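Colleague: what shape does this take:
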Amino acid sequence: MKLAFFVIPILGFVIGYSTFQAFDKSATERKMAYSQKDEVLSVSVETLPSATPTPTITPYPKPTNLPTRIPTTTEIPTPTPTRVITAPSDLEPLFDEFSKTFNVDKYKLKKIADCESHFNRGVWKDPYAGMYQFSETTWTKYRNMMGKDPDINLRFGARESIETAAYVLSIGGGHIWPTCSK
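Modeller: Sure, this is the predicted structure:
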């Protein structure tokens, strides 16, 4: 037991001294590191004992483009006005009559006559003639389908040409006027 009284203080002294040296050694290392400015940046967190963690620089997020809450306007297409086609007054009753008889668009019937001849019944350019510029074969074909007189000279008559054109449109034959029936 006497030995314990003697050994314990010596053991305590040795342990305390070695701890002091270790502490003193790390303090000396810290002083050297701080005294050399160039080396301060190269000192890592592991070599410097610290009770608090070393803060790191965290980049801030860059702002993103957030959607706007203001609605964007879309242009509404403006309808193109329909051109008013005025036929000679003596032809208006014929356009009314045959557009109703054959259930076709009166405007389209007038538009084709205006486009083909400007309502001129006497226009002739071989092989086409009349207000709707029917060729002889086309006139004969459709007049026979209608059960009407196929005489090619009737192409120059307003009543016969408007009636035939209305019939052609009623059976879907507008393609015979490729430009004017659009």
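Colleague: can I get the CA coordinates of the strand or helix carrying Lys100 in PDB?
Modeller: In the assignment (DSSP states H and E), Lys100 maps to helix 92-101. Extracted in PDB, the C-alpha atoms of helix 92-101 (Å, rounded to 0.1, in the frame of the first residue of the first chain):
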ATOM      1  CA  GLU A  92     -81.000  40.200-109.300                       C
ATOM      2  CA  PRO A  93     -84.400  38.500-109.600                       C
ATOM      3  CA  LEU A  94     -82.700  35.700-111.600                       C
ATOM      4  CA  PHE A  95     -80.000  35.200-109.000                       C
ATOM      5  CA  ASP A  96     -82.700  35.100-106.300                       C
ATOM      6  CA  GLU A  97     -84.900  32.600-108.200                       C
ATOM      7  CA  PHE A  98     -82.200  30.100-109.200                       C
ATOM      8  CA  SER A  99     -80.200  30.200-105.900                       C
ATOM      9  CA  LYS A 100     -83.500  29.200-104.100                       C
ATOM     10  CA  THR A 101     -84.500  26.700-106.800                       C
END
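Colleague: give the other helices and strands that the helix or strand following it contacts.
Modeller: Counting by DSSP H and E, the next helix or strand C-terminal to helix 92-101 is helix 106-117. Applying 3 or more CB pairs under 8 Å, 6 or more residues apart in numbering; DSSP states H and E, one finds that helix 106-117 makes contact with helix 92-101, helix 158-170. (Glycine included, C-beta is placed from N, CA and C.)
Colleague: many thanks, we can stop here.
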